[in-house]
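*Asks:* Return atomic coordinates for the entry below.
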Amino acid sequence: MDRNKLIDTMTTSRSKRASDQRNDWNVFWNRMLIQHVLDLVRSYETNYYARKILRPYFNKNRSFCELGCGKAKLLRSVAHFYKNIVGLDYSPDSLKISKDVLDRAKIKNYKLIQQDIRDTWRIKPLYDVVFSNGLIEHFKQPHIAINSHLMFVKPGGVVIILAPYKYFLKYLWFKVTDNTLLKKYWPWPEQYFFTRQSIEDEFEKIDRSKVAWHKVMVLHNVENVLLIIRKKLKRRGVT
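*Replies:* The predicted structure follows:
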């Protein structure tokens, strides 16, 4: 397989702010000391909770897409449970790391795409399971990000979103470092936190005409709010 095809670059015409945020993420993925610390947290979330949440949707005939795939820790963990896996991220630096991680693990059924998730006009193909962890909280209008997830999933498919819960330690860390002197100790770009009600409020703003059902749960032990959305099947004769 031609490795040059594994990373598709989709050019966007976003504002300078969007370009600045991409630079922020490139800086984030190259702060190696922070990465080593965060890997300890990610390994717990990936190996235990994310996989536990995804387990009912494992199927070797299905496709899986992670939006905001970061360093591909989850992709590597679930690759053997799906026919093919796709990692999509805004940062070219994170995708370089992802490619190295997946190649070293000798995973062949993957593809990596550089894209802003809001650029839904160039989505092809659609996927059976679309997942994100730590993504929608970086958007000033999270409902737009939630709606974008639905654009990536097939009719009858499922969207699974994990977002940080407000009343826990990470939020305290955010508040303590939310000033000029301590800002350097907060490693992420812009971030928002959620309660069960605020996720419901964001969900109410999306186009729900294609939603079959949804549910929201607070996962206290991993400091996350979980949103699961099932997309409606197409009716016969309706395109």
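*Asks:* from here on, contacts and neighbour counts on C-alpha atoms
*Replies:* OK.
*Asks:* Contacts for the longest strand seen in the chain next, please.
*Replies:* For the chain, the strand with the greatest residue count under DSSP state E is strand 153-164. By C-alpha atoms under 8 Å, 6 or more residues apart in numbering, the surrounding residues in contact with strand 153-164 are 126-137, 149-150, 170, 192-194, 223-234.
*Asks:* at 6 Å instead, please
*Replies:* Outside strand 153-164, the residues that touch it by C-alpha atoms under 6 Å, 6 or more residues apart in numbering are 126-134, 193, 223-233.
*Asks:* List the buried residues for the host helix or strand of residue 88?
*Replies:* Take DSSP states H and E as the rule and residue 88 turns out to sit in strand 82-89. Along strand 82-89, these residues count as buried under the neighbour rule (16 or more other C-alpha atoms under 10 Å): 82, 84-89.
*Asks:* Neighbouring strands - and their directions - for it?
*Replies:* In the sheet containing strand 82-89, its partner strands are strand 59-67 (parallel), strand 110-114 (parallel), by DSSP bridges.
*Asks:* Would you mind giving the ones you listed as a markdown table with distance to residue 145 and mean pLDDT added?
*Replies:* Written out in a markdown table, the entries for the strands paired with strand 82-89 read as follows (distance: least, C-alpha to C-alpha, whole Å; pLDDT from 0 to 100):
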| stretch | distance to residue 145 | mean pLDDT |
| --- | --- | --- |
| strand 59-67 | 10 | 97 |
| strand 110-114 | 16 | 96 |
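*Asks:* Determine which of those strands approaches residue 205 most closely.
*Replies:* Taking C-alpha to C-alpha as the measure, the strands paired with strand 82-89 were each checked against residue 205, and strand 59-67 came out nearest at 20.4 Å.
*Asks:* rewinding a little: need the strands paired with strand 82-89 in TSV (columns: distance to residue 53).
*Replies:* Compiled in TSV, those are given as follows (distance: least, C-alpha to C-alpha, whole Å):
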stretch	distance to residue 53
strand 59-67	14
strand 110-114	21
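*Asks:* what about these, which gets the closest to residue 208?
*Replies:* Using C-alpha to C-alpha as the criterion, the shortest distance between residue 208 and the strands paired with strand 82-89 is 20.2 Å, found for strand 59-67.
*Asks:* buried stuff in that closest one?
*Replies:* Here strand 59-67 shows 62-67 as buried, counting by 16+ other C-alpha under 10 Å.
*Asks:* ok, now how distant is residue 86 from residue 159?
*Replies:* 14 Å (C-alpha to C-alpha, to the nearest Å).
*Asks:* got it, and residue 133?
*Replies:* Between residue 133 and residue 159 the distance is 11 Å, computed by C-alpha to C-alpha.
*Asks:* These two: which has the busier surroundings?
*Replies:* Between residue 133 and residue 159, counted using other C-alpha atoms under 10 Å, the more crowded position is residue 159 (25 against 22).
*Asks:* where exactly do the strands run in the chain?
*Replies:* Assigned strands in the chain, in chain order: 7-9, 59-67, 82-89, 110-114, 127-133, 153-164, 211-219, 224-231 (criterion: DSSP E).
*Asks:* Make a markdown table out of these and add distance to residue 97.
*Replies:* Putting the strands of the chain into a markdown table (distance: least, C-alpha to C-alpha, whole Å) gives the following:
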| stretch | distance to residue 97 |
| --- | --- |
| strand 7-9 | 12 |
| strand 59-67 | 15 |
| strand 82-89 | 11 |
| strand 110-114 | 11 |
| strand 127-133 | 18 |
| strand 153-164 | 22 |
| strand 211-219 | 29 |
| strand 224-231 | 25 |
